[in-house]
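Q: Just need the structure, nothing else, for what follows:
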Amino acid sequence: MGLIRRLRVTQRAMERATLGVSLRDQIRNEEIRRRTRVTDIAQRVAKLKWQWAGHIARRTDGRRGLKVLEWRPRIGKRSVGRPPTRWTDYIRRVAGCRWRQAAQDCVLWNSIPKTYVQQWTSIG
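A: Reported below is the predicted structural model:
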């Protein structure tokens, strides 16, 4: 969540610098975004993550990508509290627990990312 917020703040600062607008001018972020016509960085990142997950799930050459996605460390004691949420957990919420099989169908997989992007960007 903190990373998304920092990316958005940096993007807004760059947009203000591009337009030559200061924070003291008190122009709303929506107005700046309308003037620059730049997409939100969090939405772009979420869409790229979705595409990458589909790419990794469809790959059959035996490289480590899919193994890394499903890896869970089992060494030593678990830490106290809820385990950290992995980004595959967010994918499972949208596409279901059989998301790897769903990713095999490119047309179906490319029709889902709008839901994922909305869910992922609402976090930050």
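
Q: quick one: which helix or strand includes the residue nearest the centre of the chain?
A: Centroid-nearest residue in the chain, with C-alpha atoms, centre = their mean: residue 46, separated by 2.6 Å. Residue 46 is part of helix 41-58 when elements are defined by DSSP states H and E.

Q: and that helix, average pLDDT?
A: Mean pLDDT, computed over helix 41-58, is 87.

Q: Also stretch 25-35?
A: According to the model, stretch 25-35 has a mean pLDDT of 89.

Q: which other residues reach that stretch?
A: Under the criterion C-beta atoms under 8 Å, 6 or more residues apart in numbering, residues 12, 15-16, 19, 21, 40 lie in contact with stretch 25-35. Yep, even glycine has a C-beta here, placed from its N, CA and C like the rest.

Q: let's go with 10 Å and repeat that
A: 8, 11-12, 15-16, 18-19, 21, 38-40 (C-beta atoms under 10 Å, 6 or more residues apart in numbering).

Q: Only the buried residues of it, if you could.
A: residue 32 (16 or more other C-beta atoms under 10 Å).

Q: Distance of residue 29 relative to residue 18?
A: Using C-beta to C-beta, to the nearest Å, one gets 14 Å for the distance from residue 29 to residue 18.

Q: Please apply the same query to residue 25.
A: For residue 25 relative to residue 18 (C-beta to C-beta), the value is 14 Å.

Q: How is this structure partitioned into domains?
A: 1-38, 40-124 (automatic domain parsing).

Q: Least confident of those domains, on average?
A: domain 40-124 (a mean of 80).
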